[in-house]
Structures are given as structure tokens and as C-alpha cells.
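In: Fold the following, please.
(chains A, B, C and D)
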2 protein chains.
Amino acid sequence: MIIDDDQFVNTFNMSMSPIAIVTRVDQVRRAILSQIFSGALKPGDRLVEARLASELGVSQATVNAALQDMHNQGIVNKMLNRFTEVSRYTWRELENLFSVRMILEPAAAEMAARTLTPEGVRRLTTQVDQMRAAARLNDIPLFCLADYTFHQETYALSCNSFLVQACQAIAAAPFAYILCGSADPLPADYLALAEDHQEIVTALQKGPEAAGRLLRERIEAWRAHSEHALSAAALTPPG
Amino acid sequence: MIIDDDQFVNTFNMSMSPIAIVTRVDQVRRAILSQIFSGALKPGDRLVEARLASELGVSQATVNAALQDMHNQGIVNKMLNRFTEVSRYTWRELENLFSVRMILEPAAAEMAARTLTPEGVRRLTTQVDQMRAAARLNDIPLFCLADYTFHQETYALSCNSFLVQACQAIAAAPFAYILCGSADPLPADYLALAEDHQEIVTALQKGPEAAGRLLRERIEAWRAHSEHALSAAALTPPG
DNA sequence: TGTTTAATGATTATCGATGATGATCAGTTT
DNA sequence: AAACTGATCATCATCGATAATCATTAAACA
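Out: Numbering: from 1, shown residues only, chains lettered A, B, ... in the order given. From the prediction side, this is the model:
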């Protein structure tokens, strides 16, 4: 797989909004992420910088920087001077992740609801539509990408750069179930998950109080669902 | 200023606990941080990678990585493909920072209180003592370092890697007042600030509830103090 | 035979150099 | 005079190559 230098050539920019400039480090990050979404890379797999570099057609130092970013996001585990592997969450780590989600995401939603614009709603709706389409096609990588992007957009809508940066620590949340074990992806009702996200958009439009409340409720529900699914799969018995 | 390769030579490691390995990137980060603490670097000052690299005796790429870290911490502002400058917080940004502190720090304190060990208390007390000593000597850089380290230790004591990483986004909090403007450091009662931190240690020992409550109260007090001090200094009138 | 020390191999961290980016400014065109 | 064009400059992003790190294995030793 080679990173495509011509990624913008065939894309007309109808609205004349400034195009997002993407660094090579960011392209590498996304390429690795999509491999995790697709299952080509599984929890515990080694990420050898030199190999990735030649596969992606970039230098090893660039891969190193991308992996550092992903380490900060909890997606990979970078062992100093040794190697990097795709994160493999224990039950304890999943609990920790949910704890922090419960702190950050309702707060982000409340802030976002205060300054929500039609443009913001449009951006989120785009991702919900992507999730619906992916769910219908059973395209799990595409679903993950839309879910991930939805949450990133939500954080950005808080208009608080410190909060956005803090939320990078839970960037893995939307696909945490992938990082829980080396088994096949957990069975999940992706269409229902997409509708969960539609409800979040609706709650954001209702106002801060509704948005915060819904997020708290939904994160708790996802936590319960994960707990149940994981103990059923007997991957890492809670307790 | 050159980074000292022999930093461990004169330090006996009595307890035989594993020494913390410090990368060159991290050393550069700390060197730049101490220049900010000392006032040698002020908000808005440009950080030219090549200049810093030759001053510190490392390569430009290493400085680049250190600045990326500091950007993630909100300490510097890295403009893609342009330059990096020491962050200069507006009143709005300071408000945003306090908002996120109010979310993260009480939560971190509650978690830390649940698993606090005598060793943890010792580590925090060491920093409080440093702060007291620095306050008596009116050594503001040393005070800042101890304050910064105290908060980092607190985050670490939460034993939640996601929370620790999230808290990196507010790493600038203990010296945010330095980043508020190009004027001289705000007058502050450093000895009182040190005692504030002693109280935090005491509250952590009392338990999660007391710790969370004290943090909320103190962050609100610091917020009020900052608001007052900044509007008095007329740096950025709160609007 | 168990323990310490020295080579090996795999991999990352860092370096010095090169290529890209975007601001600025002078010269040219309308 | 304003708008365009190309050159120049400061600076960063990325590269290819080297040095450092650490687990493992082999060798030396007691």
C-alpha cells in the first residue's frame, strides 16, 4: 500500500471552503488506522516502523511520528526503545477508558450544544448517514471510520481546544471493542449504533442539558453492553 | 545551553528503584519549559527549531518532536509549515482551560484518593516541600517546576492511563498565568499557593469525596483569582 | 553447572541534509 | 494604482543513513 500523492486531484471543492492540509504523518496515521479497522492489524500485532515505511512509501522517521500520535491516542502501545504493537485492552483498561469517556464526552456535548450551528449539525449528520450506509453494507471498516469521525467532530464542536486535545486520549473509544482481544469482531447491531448517534445529534439540538444527559446515559449503556459482550465472549472476564 | 549527558553521574540511586529513562526529546522539552519558567522565553516568542537545536546540541528533528509534544500540551502554538511560538492565552482560552481543569482534576483526585499509597503521599510531599523552599527563596522557576511536577504526579496517581494522557492537555495549567501575556509575572502569594497544595495532599488522604470537593473548590478559587488579577493588570479584559 | 560477560540481531531514536511551504518584495501588466 | 507574476528567503516537514538500545544467544568463567 502506497500513500496516494494525488488524493485531491479528482475531488472538486464545490463550497470553496479551505481544504484541510494533511501532513504525511497524518496520512500514515490514517493508513494504519484503516488497517486496524479492517482487521488487517489486530491487537498485539507488532508495528515495525521500517516495514510500514517501505509499505507506505515514506521514511521510517515519519512512521515513528505517526505511531507516537497513535500512542498518545491509546491506539498503539509504544515501548520505549523496543517496539510498537496495536493496543490490546484488558478489562481493567476498558473500564478506565469508559471512566474517562464518562467524564469528558458529556462535558464536550454540553459545550457543543451551546454553540451548535446548522453547519455543525450538517457535519454530524453526514457521519450518521455514513454509519447507516456502512451498517447496511455490513462494511465494518467504513462504519468504524464514520463513528470515529463523528466523535472527533463532536469534540471539535465544543470550541474548546483544551477539551479537544484532552479528548484525543479517548480517540480509541469508538472502536475500543476491536482493541479488546485478538478474537473476531464482536457481534453488534451496527444499525442500532448508527441510530444511537442520530439521537445524539437530536439531543445536541435540544440543548446542553439534554445532550449531557443523553451522553451519560448512552456511555453507561455502551459500557454495560461491552461488559456483557466481553464476558460472553470470555475474552477477559470482568472482575 | 547544552543538554548535559552526565545528568545521572552524580546521583546515587540508594533504593535501587529503576531509574527513569529520559529521551533526548524529553530533555529538550524540559529545557524549553525551564526557559519559559525563567522568563527567558515569553508568550508570543518564536521558537525557531534550528536555533534551539544548535543551542541545545541536538538535531532540528528532535526539537521538532519536542515542540509537537508541547503543542499537544497547549504550551506552544505550532503553526503548520510556518513557525512555533510560546502560547499567549487570551481571556477566552484561560476560561476554556479552567473549564477543562474543573472537569479533569477533581476526577483525577478522586481516583488517586482511592488507591493512594504512602509512597504516593511521599512523592507529593516532596514537591510541596520544593514549592515551600522555592517560595521562601522567591525562586519562581523552581516553584513552577515543583507545581508542574506536583500536578503531573497527581494525575499519575489516578492509575488510569487514559486520564493521565487526557490531563496532558491541561499540563500548562500550573503556570498558565505566565502564558497570559507578555507582561511581568503576576504578583502572587507563592507561600500560600504551596499551602494550597499541602491541603490537596491532606484531602487525598481523607478520601475521594474530600479530594474531589477540595479540588473543585480550589480550581474555582484560582479561577476567581486569575480573573481578578488579570483584569487588574488590564492584560486581557474579561468580557 | 550455574553465573557472569561479551557478541548478535532486531528495532528504534537521532542525526545531517534535502525538499516543500508560504511570506515578502520587486518587476510587470492592466 | 491595483493586481498579477516570479524570485528570494526563512522556516519547517521529511528523508536516508547512522548511532543507540535492549532482548537474546553464545562464550567464558568459577
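In: Near DNA strand C, which residues of chain A are found?
Out: Residues of chain A that fall close to DNA strand C, judged by Cβ under 7 Å from any atom of the strand: A:21, A:46-50, A:60-61, A:64, A:78, A:80-84. To be clear about C-beta, it is placed using only N, CA and C from the backbone, and glycine gets the same treatment.
In: just the residues of chain A that are near DNA strand D, which are they?
Out: With the criterion set to Cβ under 7 Å from any atom of the strand, chain A comes near DNA strand D through A:23-25, A:57-62, A:65, A:80-82.
In: Can I get the buried part of the residues you listed as one PyMOL selection?
Out: Here is the PyMOL command that selects only those of the residues of chain A next to DNA strand D that count as buried (16 or more other Cβ atoms under 10 Å in any protein chain shown):
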select buried, chain A and resi 24+25+58+62+65
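In: so where's chain A shaky on pLDDT?
Out: Along chain A, the parts satisfying pLDDT under 70 run over A:1-2, A:4-18, A:182-187, A:233-239.
In: name the helices or strands packed onto the lengthiest helix in chain A?
Out: With residue count as the measure and DSSP state H as the assignment, chain A has helix A:208-233 as its longest helix. Contacting helix A:208-233 under the criterion 3 or more Cβ pairs under 8 Å, 6 or more residues apart in numbering or on different chains; DSSP states H and E are the following elements: helix A:91-114, helix A:190-206.
In: Can you list which of the residues of chain A next to DNA strand C are found in helices?
Out: When DSSP H is applied, the residues of chain A next to DNA strand C are split such that A:49-50, A:60-61, A:64 fall in helices.
In: Buried residues, stretch A:107-120. List them.
Out: Buried, per 16+ other Cβ under 10 Å, within stretch A:107-120: A:107-113, A:116, A:120.
In: ok, so of these, who is nearest chain B?
Out: Compare each of these with chain B using Cβ to the nearest Cβ and the shortest gap goes to residue A:107, at 5.0 Å.
In: Now do the contacts for the closest one.
Out: A:158, A:163, A:212, B:99, B:103 (Cβ atoms under 8 Å, 6 or more residues apart in numbering or on different chains).
In: could you redo those residues as JSON lines and give each row neighbour count and distance to residue B:132?
Out: Shown next, in JSON lines, are these (neighbours: other Cβ atoms under 10 Å in any protein chain shown; distance: Cβ to Cβ, whole Å):
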{"residue": "A:158", "neighbour count": "25", "distance to residue B:132": "37"}
{"residue": "A:163", "neighbour count": "25", "distance to residue B:132": "33"}
{"residue": "A:212", "neighbour count": "20", "distance to residue B:132": "40"}
{"residue": "B:99", "neighbour count": "19", "distance to residue B:132": "30"}
{"residue": "B:103", "neighbour count": "21", "distance to residue B:132": "29"}
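In: Just give me the closest of these to residue A:41.
Out: For those, the closest approach to residue A:41 (Cβ to Cβ) belongs to residue A:163, at 29.3 Å.
In: For that closest one, give me phi and psi.
Out: The phi/psi pair for residue A:163 (degrees, to the nearest 10) reads phi -70, psi -40.
In: Touching, it and residue A:155? I think so.
Out: Yes. Contact between residue A:163 and residue A:155 holds when scored by Cβ atoms under 8 Å: they sit 6.8 Å apart.
In: Mutual contacts of those two, please.
Out: residue A:108.
In: okay, which residue is most central for chain A?
Out: Most central residue of chain A, judged by C-alpha distance to the mean C-alpha position with Cα atoms, centre = their mean, is residue A:148 at 3.1 Å.
In: contacting residues around that one?
Out: A:33, A:171, A:174-175.
In: So it versus DNA strand C, what's the distance?
Out: When Cβ to the nearest atom of the strand, to the nearest Å is applied, the distance between residue A:148 and DNA strand C equals 24 Å.
In: Confirm that residue sits in a strand?
Out: No. Secondary structure assignment (DSSP: H, G, I helix; E, B strand; the rest coil) places residue A:148 in helix, not in a strand.
In: Kindly state the domain boundaries assigned to chain A.
Out: Residue ranges of the domains in chain A are recorded as A:24-86, A:91-233, according to automatic domain parsing.
In: start to end distance for the shortest one?
Out: Distances were taken as Cα to Cα, to the nearest Å; on that basis the terminal residues of domain A:24-86 are 20 Å apart.
In: That domain and chain B in contact?
Out: Yes. Part of domain A:24-86 sits close enough to chain B to count as contact by Cβ under 8 Å from any Cβ of the partner chain, namely A:61, A:65, A:68, A:72, A:74, A:80-81.
In: farthest-separated two in those residues?
Out: Greatest spatial distance in those: A:61 and A:74, 22.4 Å, computed using Cβ to Cβ.
In: Now for residue A:156: which residues touch it?
Out: Shown in contact with residue A:156 (Cβ under 8 Å, 6+ apart): residue A:164.
In: List phi and psi for it.
Out: Reported as degrees, to the nearest 10, the phi and psi values for residue A:156 are phi -60, psi -30.
In: any idea how far it lies from residue B:126?
Out: Between residue A:156 and residue B:126 the distance is 39 Å, computed by Cβ to Cβ, to the nearest Å.
In: and if you look at residue A:172?
Out: Using Cβ to Cβ, one obtains 34 Å as the distance from residue A:172 to residue B:126.
In: So between those two, which is more surrounded?
Out: Taking residue A:172 and residue B:126 together and counting by other Cβ atoms under 10 Å in any protein chain shown, residue A:172 has the greater number of neighbours (22 against 14).
In: How about the contacts made by that one?
Out: Residue A:172 touches A:73-75, A:87, A:97, A:179, counting by Cβ under 8 Å, 6+ apart.
In: Need phi/psi at it.
Out: phi -80, psi -10.
In: tell me the contacts of residue A:40?
Out: Residues in contact with residue A:40 (Cβ under 8 Å, 6+ apart): none are found.
In: picking up where we left off before, now, which of the buried residues of stretch A:107-120 sits nearest residue B:17?
Out: Of the buried residues of stretch A:107-120, the one sitting nearest to residue B:17 (Cβ to Cβ) turns out to be residue A:107, at 36.9 Å.
In: OK, contacts around whichever residue of chain A sits closest to DNA strand C?
Out: In chain A, the residue found nearest to DNA strand C is residue A:49; the distance is 3.6 Å by Cβ to the nearest atom of the strand. When contacts are counted by Cβ under 8 Å, 6+ apart, residue A:49 touches A:60, A:63-64, A:67, A:84.
In: what's the answer for residue A:165, then?
Out: Residue A:165 sits in contact with B:72, B:74, B:168-169, where contact means Cβ under 8 Å, 6+ apart.
In: Give me the three-state assignment for the residue lying closest to residue A:191 once chain neighbours are set aside.
Out: By the measure of Cβ to Cβ, 6 or more residues apart in numbering or on different chains, the closest residue to residue A:191 outside its immediate chain neighbours is residue A:135, 4.4 Å from it. Under the three-state scheme (three-state DSSP), residue A:135 adopts helix.
In: For residue A:135, give me its contacts.
Out: Contact criterion Cβ under 8 Å, 6+ apart gives A:143, A:190-191, A:193-194 as the residues in contact with residue A:135.
In: close enough to count as contact, residue A:147 and residue A:175?
Out: Yes. Distance between residue A:147 and residue A:175: 6.9 Å, which falls inside the contact criterion (Cβ under 8 Å).
In: More neighbours: which of these two?
Out: The residue with the greater number of neighbours, taking residue A:147 and residue A:175 and applying other Cβ under 10 Å, is residue A:147; the counts read 24 against 21.
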